[in-house]
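Chemist: this is a predicted model, with the sequence first.
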Amino acid sequence: MPNWLKSCIKLTTKEKRVSKKCTRHLQPDIPRAPPFKGMDITFLGTSSGSPTHKRNVSSLVLHLVTGEQWMFDAGEATQVQIRHCRTASMGRINRIFITHMHGDHIWGLPGLLSSLLIGIEECNQLHLYGPSSLDEWIKSTIRMSRTILPRNKLVFHPLDARQKGHFVIVDDDNYTVHACPIKHTIPCWGYVVEEKKTKGNIDAAKLTLMGIAPGPIYKQIKDQWDQDLIVLSDGIVLDRKSIMSEPKEGRKLVILGDTCDPSNIQEISMDANAIVHECTLPESMAHLSRQRGHSTATMAAKFASKIRAKSLVLNHFSPRFCDDTLRKELDLASRHYKGNIILASDFGIFQVAPNKSKSVG
């Protein structure tokens, strides 16, 4: 083999090693996903206004026990973040909820819609919720870029800024979602996702002692899980509380858009399992934060305490925040809220713990 050819082969091998090393360096450090708990949040972007080296702009994905994935906001490069993510999947997103029309919450949406609706991983139907002006913006962007989206696959649900209180926008067999206007510099919404009650567990041992063996009759019992008295096909009447654990209360998750005052959503947020609340500026800039329609960690902590939330997830940090500043803000927040406080990070996962069901009496 000629020497010049050997040199080329050596060079090519070296280039491959360098290329692999560079690729590894460019990949974000993504933690492995913990075992799924039925209501998990993956944060795709936790920065406010503009991205940083560690944080992209606003977006998160809610993973549900039904296999669905719901997205809340879609800032610039959200689609890229999904590609890097271990848990979020383009093919499973069937609902997107937009909180408001500021660019760091919506600029990734047109490209994402194109991929979801006409790309390789197209879905059957996609539901989009947001301000009424969102529809006009999407249509203008799609028209000017000469992109064709199949109309029958995108269902838009406009939110009326004139509506004062909360209202239901999703109500299916498993979940209810309320939307509620909250105070910001432009019309903005918060969302409350409520999991419906689930069936209690049958005490098979107790039923066996009563002479009721496992079989089709168990289905009759389960189908009447929400009744105090269970009537079987042979006329036998059973006290549900004596043979089944109490139905398990569903979880409640509050996800807020940008706000300096979310009090309008307080009523339906009470006793939430978790609240995701923005924390744009440090407490030293609290006055400016209110002027700009934003919150500090202390403001978020006070609201979480007011609604008796079990966990508070702080999100939407200004690029001016450094790790030391965030730790100081966390300390300040803990003075006003005694629950669990988490600082959201890109690709971080927060699990909303399931409620415990009461045992059979």
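Modeler: Ah, there it is.

Chemist: which residue, other than its chain neighbours, is closest to H63?
Modeler: D40 (4.5 Å; CB to CB, 6 or more residues apart in numbering). From N, CA and C alone the C-beta is placed, and that goes for glycine too.

Chemist: I'd like to know how far the one you found sits from P214.
Modeler: 33 Å (CB to CB, to the nearest Å).

Chemist: ok, the two, which is more surrounded?
Modeler: D40 (20 against 10; other CB atoms under 10 Å).

Chemist: show the contacting residues for that one.
Modeler: 33, 62-63, 87, 349-352 (CB atoms under 8 Å, 6 or more residues apart in numbering).

Chemist: do that again at 10 Å, thanks
Modeler: 33-34, 61-65, 69, 87, 349-352 (CB atoms under 10 Å, 6 or more residues apart in numbering).

Chemist: which of those residues lies closest to D172?
Modeler: L64 (10.6 Å; CB to CB).

Chemist: how many other residues sit next to that closest one?
Modeler: 18.

Chemist: wait, it sits on V170?
Modeler: No - using CB atoms under 10 Å, L64 is not in contact with V170; the gap is 11.4 Å.

Chemist: overlap in contacts of those two?
Modeler: With CB under 10 Å, 6+ apart, L64 and V170 have common neighbours 70, 95, 193.

Chemist: downstream of the helix or strand containing H63, the next helix or strand is which one?
Modeler: Using DSSP states H and E, H63 falls within strand 59-64. For strand 59-64, the following helix or strand on the C-terminal side (DSSP H and E) is strand 69-72.

Chemist: now what about whichever helix or strand comes after that next one, what contacts it?
Modeler: Moving toward the C-terminus from strand 69-72, the next helix or strand (DSSP H and E) is helix 78-84. Defining contact as CB under 10 Å, 6+ apart, one finds that helix 78-84 is touched by 26-28, 30, 42-45, 51, 56-61, 69, 71, 74-75, 77, 88-90, 93, 96, 105-109, 111-116, 119, 346-347.

Chemist: same deal with stretch 201-216?
Modeler: Against stretch 201-216 from outside (CB under 10 Å, 6+ apart): 217-218, 221-222, 225, 232-233, 236, 238, 242-248, 357, 359-361.

Chemist: what subset of the contacts of helix 78-84 is buried?
Modeler: 30, 42-45, 51, 56-61, 69, 71, 74-75, 77, 88, 90, 93, 96, 105-109, 111-116, 346-347 (16 or more other CB atoms under 10 Å).

Chemist: at which residues are the helices of the stretch 151-300 of the chain located?
Modeler: Applying DSSP state H, counting those that start in this stretch to the stretch 151-300 of the chain gives helices spanning 204-209, 216-223, 240-243, 266-269, 286-291, 297-306.

Chemist: so which of the ones you listed gets nearest L330?
Modeler: helix 297-306 (6.6 Å).

Chemist: burial of S318, as a residue count?
Modeler: Neighbour tally, S318, other CB under 10 Å: 18.

Chemist: pull the contacting residues for S233.
Modeler: 216-217, 220.

Chemist: with pLDDT and neighbour count added, can I get those in CSV?
Modeler: Listed next are the contacts of S233 as CSV, based on pLDDT from 0 to 100; neighbours: other CB atoms under 10 Å:
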residue, pLDDT, neighbour count
P216, 86, 7
I217, 86, 15
Q220, 86, 16
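
Chemist: dump the residues you listed to TSV, plus distance to D271.
Modeler: Below are these laid out as TSV (distance: CB to CB, whole Å):
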residue	distance to D271
P216	38
I217	36
Q220	33
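
Chemist: out of these, the closest to L159 would be?
Modeler: For the contacts of S233, the nearest to L159 is Q220 (42.4 Å; CB to CB).

Chemist: my read is that that closest one contacts V231, right?
Modeler: Yes - with contact defined as CB under 10 Å, Q220 and V231 form a contacting pair (8.5 Å).

Chemist: quick check: neighbours shared by the two?
Modeler: Shared contacts of Q220 and V231, defined by CB under 10 Å, 6+ apart, comprise L238.

Chemist: out of the buried ones among the contacts of helix 78-84, which are inside helices?
Modeler: If you go by DSSP state H, the buried ones among the contacts of helix 78-84 have 105-106, 109, 111-116 in helices.

Chemist: which one of those is nearest L154?
Modeler: Once CB to CB is applied, the member of those that ends up nearest L154 is L113, at 6.9 Å.

Chemist: report pLDDT for the nearest residue to the closest one once chain neighbours are set aside.
Modeler: Take L113 and drop its neighbours on the chain: the residue closest to it by CB to CB, 6+ apart is L149, 6.4 Å away. Note on L149: pLDDT of 80.

Chemist: okay, the ones in helices among the buried ones among the contacts of helix 78-84 in CSV with distance to K338 and pLDDT next?
Modeler: CSV is the format used below for these (distance: CB to CB, whole Å; pLDDT from 0 to 100):
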residue, distance to K338, pLDDT
H105, 31, 98
I106, 35, 98
L109, 38, 97
G111, 42, 94
L112, 38, 95
L113, 42, 93
S114, 45, 91
S115, 43, 91
L116, 41, 89
